[in-house]
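A.B. asks: could you work out the structure for the sequence below:
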Amino acid sequence: MLATALVDLVLPADCAGCGAPAPPWCPACAAELAGPRRLALPGGLPVVAVGRYRGPLRTAVLRYKERGRRDLAGPLAALLAAGLAELHAAGGAGPWLVPAPSRPAAARARGGDHVVRLCRAVAAARPGARVVPTLRLARRARDSVGLDAAQRAANLSGRLRVRPSRLPPEGVPLLIVDDVVTTGATLRACRDALVGAGLRPVGALVLCDATTGS
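C.D. replies: Sure thing, here's the model as predicted:
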């Protein structure tokens with residue numbers, strides 16, 4: 001696990017946002033990375049996003065997630081680590097990161113779960129951090145692209161499962177991690193599944209805020 005995370009932390013040969021020969025971010029793209037922002041989602045956990053789903057951050061996430069650029073896990077994980085400070089005291093133990101699960105077919109197509117990979121890269125650079133892939137998504141869940149909030153919630157209803165063999169210790173504060181938040185349905189479903197198993201999610205950390213009106 002640690003070896004995989006270290007491989008993914010190898011710096012890319014170009015800017016993550018635009019492809020210019022200035023890794024990990026060229027000055028222009030770096031200037032557009034405004035820094036972590038807190039979100040208020042109805043009925044949800046405290047959420048911190050690295051930035052809005054636009055510009056170089058959006059491009060970097062798509063290159064990493066959909067175009068096989070696993071080497072961008074390092075630069076993106078570094079941004080997540082900055083957001084982590086907003087949710088977790090620097091001197092505290094942990095944190096324990098719970099990746100929001102991908103559909104099994106999507107994970108296979110991408111050569112592995114991209115959110116788990118990001119979490120491992122964050123944990124590799126943060127002493128005491130742990131990754132617990134406690135949640136899994138049932139095969140019959142469909143792609144959420146194009147679904148509204150109600151449809152996303154219905155798509156996930158009863159399809160997020162807790163892995164009994166991968167439970168963290170009882171009472172440990174957990175942070176849910178995902179790449180993009182659109183309606184908050186996934187984060188709420190993850191929270192509900194964890195709470196239903198007697199676990200304690202205390203917040204969520206995401207790369208991109210794609211919510212409307214924020």
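A.B. asks: look up phi and psi at residue 49.
C.D. replies: phi -110, psi 140 (degrees, to the nearest 10).
A.B. asks: neighbours of it, how many?
C.D. replies: 26 (other CB atoms under 10 Å). Where C-beta positions appear, they are placed from N, C-alpha and C, glycine not excepted.
A.B. asks: distance of it relative to residue 73?
C.D. replies: According to CB to CB, to the nearest Å, residue 49 stands 18 Å off from residue 73.
A.B. asks: likewise residue 202?
C.D. replies: Distance from residue 202 to residue 73, by CB to CB: 25 Å.
A.B. asks: neighbour count for the two, which is higher?
C.D. replies: residue 73 (25 against 16).
A.B. asks: before we move on, which element is the more buried one in?
C.D. replies: helix 73-87 (DSSP states H and E).
A.B. asks: next, the residue nearest the centre of the chain: secondary structure please.
C.D. replies: Ranked by distance to the mean C-alpha position of the chain (CA atoms, centre = their mean), the top residue is residue 178 at 2.5 Å. What DSSP: H, G, I helix; E, B strand; the rest coil gives for residue 178 is strand.
A.B. asks: can you tell me, leaving aside adjacent residues, what's nearest to it?
C.D. replies: residue 100 (3.9 Å; CB to CB, 6 or more residues apart in numbering).
A.B. asks: tell me the pLDDT at the one you found?
C.D. replies: pLDDT for residue 100: 93.
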